[in-house]
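[1] A structural model of the following input is requested.
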Amino acid sequence: MVGGAGVPPASPTPSQIAENASIIRSRIESAGGDPGEVTLVAVTKKFSADVARAAFEAGLEDLGENYAAELAEKAAATHDLPIRWHFLGSIQTNKLARLAPVTSCFQGLCRQKEAEALVRRSPGARVMVQIDFTGQAGRGGVQPTDVADLVVGGRLLGLDVCGLMTVAPVDPVAARASFRRLREMADDLGVAERSMGMTDDLEIAVEEGSTMVRVGRALFGGRPIGT
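    Numbers count the residues shown, from 1 in each chain. This next block holds a predicted model:
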């Protein structure tokens, strides 16, 4: 799927995506997880709507996007398919008019005002609170000390706060510590979903109790040139 110099990689076919998904599920199983219980969210960021359609044809019903415009456009282009779209990352309140009608789960609740804006557009929306364990400027997510207040606040508004999510540090030791802490926080707060783990760290995440992994590169190959 990698082109020559200046040539964009070819879009993966449904059969190629299905084969890659099978490899990912084997990785999940090898890490001690049940592939039938760990949801695989296919991240189609910067790929075309045709790739999103191919992913669905390959048996992947949960697709994820990081940008509001891309999610809205791909949802419109695949409106005939029962795809469950996940919005990944910080919620921009000025984009909710486009996102709310087509998003099944918002993985990135960071502030109470986002919850208030979301409930006006989509009462009872399914959301996850995103946690920042790195402390780095520019990283999305709420600080661990503020997670409980946001979970409770979202529930009081009537949102379905179903879990927690994080993007782990690159270092494997720090990643494991983050995943373990998220699992413990999820247990303490009584939320079922633990969205953690991507292409490079999904084994560690599964070992630490992930119920949902978000994978792009291992499914679709490198993103198109220029993105």
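[2] The helix or strand hosting residue 179: how far from the chain's middle?
    Here residue 179 sits within helix 172-189, counting by DSSP states H and E. Distance of helix 172-189 from the chain centroid (C-alpha atoms, centre = their mean, to the nearest Å) equals 17 Å.
[3] Please, where are all the strands along the protein?
    Using DSSP state E, the strands of the chain run over 39-43, 62-65, 84-88, 105-109, 126-131, 160-166, 193-195, 212-215.
[4] Could you dump those into a markdown table with mean neighbour count and distance to residue 14 added?
    (Each C-beta comes from the backbone N, C-alpha and C, glycine too.) Below are these laid out as a markdown table (neighbours: other C-beta atoms under 10 Å; distance: least, C-beta to C-beta, whole Å):
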| stretch | mean neighbour count | distance to residue 14 |
| --- | --- | --- |
| strand 39-43 | 23 | 12 |
| strand 62-65 | 23 | 14 |
| strand 84-88 | 23 | 18 |
| strand 105-109 | 26 | 24 |
| strand 126-131 | 26 | 27 |
| strand 160-166 | 23 | 27 |
| strand 193-195 | 24 | 25 |
| strand 212-215 | 24 | 16 |
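[5] okay if I get these as a markdown table plus mean pLDDT and distance to residue 12?
    Formatted as a markdown table, these follow (pLDDT from 0 to 100; distance: least, C-beta to C-beta, whole Å):
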| stretch | mean pLDDT | distance to residue 12 |
| --- | --- | --- |
| strand 39-43 | 98 | 11 |
| strand 62-65 | 98 | 14 |
| strand 84-88 | 98 | 19 |
| strand 105-109 | 97 | 23 |
| strand 126-131 | 98 | 27 |
| strand 160-166 | 98 | 25 |
| strand 193-195 | 98 | 23 |
| strand 212-215 | 98 | 13 |
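[6] and residue 202, which of those is closest to it?
    strand 212-215 (4.7 Å; C-beta to C-beta).
[7] returning to that earlier point: switch the strands of the chain over to CSV; also include distance to residue 27.
    Formatted as CSV, the strands of the chain follow (distance: least, C-beta to C-beta, whole Å):
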stretch, distance to residue 27
strand 39-43, 10
strand 62-65, 17
strand 84-88, 20
strand 105-109, 21
strand 126-131, 22
strand 160-166, 19
strand 193-195, 17
strand 212-215, 9
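[8] Low-confidence regions, this protein specifically.
    The chain contains residues with pLDDT under 70 at 1-9, 137-138, 225-227.
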